[in-house]
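Peer 1: give me a 3D structure for the following:
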Amino acid sequence: MKFSLQNIVLMVLMLASAGLAAALRPTINLADERTPIDLKAMVPADFGDWRQNVFTSAQIINPQTQEVLDKIYSETLTRTYVNSKGYQIMLSIAYGKSQSDALQLHKPEVCYPAQGFRLESKQSGVLALGASEVPATRLMTSLQQRKEPVTYWTVVGDHVTKSGTDKKLTEMRYALQNRIPDGLLIRVSSIDGNTSNAYAIHGEFAKQMIAAIQPAHRERFAGADNASTSWKLSP
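Peer 2: Here you go, the predicted structure:
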């Protein structure tokens, strides 16, 4: 069998590409070099004007079964908080020790419709967390009479990602250091038909929560390398 020069070149490039991919495949888990994540211990049950409500009837949306969640994530935390005015916030945090596409698939704009919710709107911007400003996403979801605004952000290693592309680029940057990053998805929501009110309260809740986390762990939840951008999410 004769091979043309073009076929030979393509074969060489494919072999080189495969070899490069193998050489760049990271082998060290970043999580093994850091303080182990313990969500229940790191995130206070009470902070600022918020107290954990253990008697709530509000439903926190987690569409996957516990078996699936255990496969995707190393640890999860779900709590409902209430403030002095009786307003309830639902918090859900998912942590993966070895970051993969699994975290991407669990984004609220995917999991809420999987539960029968309607995704009415989606907005990207910046969420102010004290001294930090992080990229965040806000959704408006509904299920019959239930209106549930959602605010969430994702952290890959030390970087709060803006998009799926940003997430991939972050993973590649860690791969060049022979590191596999860990990942967090932090989601805040409430049952509220007034989206402006809900998003404003979400922002205050998130800011108070981050401030209440011990400084040694704070960057795991708010990132360490987030530059300010030119606009913020409007309340």
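Peer 1: the closest residue to F205 other than its chain neighbours: neighbour count?
Peer 2: Leaving aside its chain neighbours, F205 sits nearest to I89 (5.0 Å; criterion: CB to CB, 6 or more residues apart in numbering). Yep, even glycine has a C-beta here, placed from its N, CA and C like the rest. I89: 25 surrounding residues under other CB atoms under 10 Å.
Peer 1: in a strand, I89, correct?
Peer 2: Yes - assessed with DSSP: H, G, I helix; E, B strand; the rest coil, I89 lies in a strand.
Peer 1: list the contacts for it?
Peer 2: W50, T80, Y81, V82, N83, V188, S189, S190, I201, H202, F205 (CB atoms under 8 Å, 6 or more residues apart in numbering).
Peer 1: so what's it bridging to?
Peer 2: Y81 (DSSP bridges).
Peer 1: ok, L184 next?
Peer 2: On the basis of DSSP bridges, L184 is bridged to Y95, V155.
Peer 1: how close does it sit to M90?
Peer 2: To M90, L184 is 17 Å away according to CB to CB, to the nearest Å.
Peer 1: and if you look at S189?
Peer 2: 5 Å.
Peer 1: ok, those two, which is more surrounded?
Peer 2: Applying other CB under 10 Å to S189 and M90 shows that S189 carries more neighbours, namely 24 against 21.
Peer 1: who are the neighbours in contact with the more buried one?
Peer 2: S189 neighbours (CB under 8 Å, 6+ apart): I60, I61, I89, M90, S92, P108, E148, P149, V150, T151, H202.
Peer 1: quick one: end-to-end distance for stretch 44-56.
Peer 2: With CA to CA, to the nearest Å as the measure, the ends of stretch 44-56 fall 18 Å from one another.
Peer 1: what of stretch 172-189?
Peer 2: 31 Å.
Peer 1: quick one: mean pLDDT over that stretch.
Peer 2: On average, the pLDDT along stretch 172-189 is 91.
Peer 1: quickly find the element holding the nearest residue in space to I93 that is not next to it in sequence.
Peer 2: Using CB to CB, 6+ apart and skipping residues adjacent in sequence, the residue nearest I93 is L77, 4.5 Å away. Assigned by DSSP states H and E, L77 belongs to strand 75-83.
Peer 1: run through who's touching that strand.
Peer 2: In contact with strand 75-83 (CB under 8 Å, 6+ apart) are residues 37-40, 43, 45, 49-53, 56, 58, 60, 62, 69, 88-95, 205.
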